[in-house]
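K.L.:
sequence? don't have it. structure:
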């Protein structure tokens, strides 16, 4: 009996360790899926939204076809709003099954996307109200949003200790700067290609388990 009791006591820590490892793997898998969902959503939003503006009849640069200007901007707005909603939901759901500070951090990070994009839109409106010309707004407006996305990725990388997210934030900020110096309408093409390609590559690697959304703690 003593030997059986000793074996049971020895097995308990091993079982607890195995359970903790399974829970950690499930949490990491869920975090990867949630973050990959955000990346794919924004990649599609940028391709559709910025592609529509680049193809607009007024101010566009697409040499293959053009679409009416008003619908192009409506498509852009819908794409951005869709990205905001999905990002907020994905960020909040990333805390599902996780308790304590990690759950709160996931929810706050999800809402950070929504608040940042709303704030960016209000800044664009303020610049227009202040009399900024169309040429300036064509460069500044998208740069504000992309810069915010880059900063949010930097924050996510720091929050989850993920060098991948942090590096992606650096890429987004670099994209905003490079596209702004390229000027309109070329900047729309840069946003519709460079950013989405980087996001889709990272999302694919996350879904395959090659890159973790969260770094080691």
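P.N.:
Structure's in. What do you need? These figures come from a predicted structure and were not determined experimentally. Numbers count the residues shown, from 1 in each chain.

K.L.:
What ranges does the protein have for its helices?
P.N.:
For the chain, the helices defined by DSSP state H occupy 2-54, 69-93, 101-129, 134-159, 163-182, 186-207.

K.L.:
what's the distance between stretch 174-186 and the middle of its chain?
P.N.:
From the chain centre to the centre of stretch 174-186 is a distance of 19 Å (Cα atoms, centre = their mean, to the nearest Å).

K.L.:
let's have the chain start at 283 instead
P.N.:
Will do, 283 is the new start, and the previous item becomes stretch 456-468.

K.L.:
show me what contacts the residue nearest to residue 431 when sequence neighbours are not counted?
P.N.:
Residue nearest to residue 431 in three dimensions, not counting chain neighbours: residue 454, with 5.2 Å by Cβ to Cβ, 6 or more residues apart in numbering. Where C-beta positions appear, they are placed from N, C-alpha and C, glycine not excepted. Going by Cβ atoms under 8 Å, 6 or more residues apart in numbering, residue 454 touches 428, 429, 431, 432, 435, 477, 480.

K.L.:
any idea how far residue 439 is from residue 454?
P.N.:
For residue 454, the distance to residue 439 (Cβ to Cβ, to the nearest Å) stands at 11 Å.

K.L.:
same question, residue 405
P.N.:
Residue 405 sits 24 Å away from residue 439 when distances are taken as Cβ to Cβ.

K.L.:
Those two: who's more crowded?
P.N.:
The neighbour comparison of residue 405 against residue 439 (other Cβ atoms under 10 Å) goes to residue 439, with 21 against 15.

K.L.:
doesn't residue 452 make contact with that one?
P.N.:
No: Residue 439 is not in contact with residue 452 according to Cβ atoms under 8 Å; the separation is 9.1 Å.
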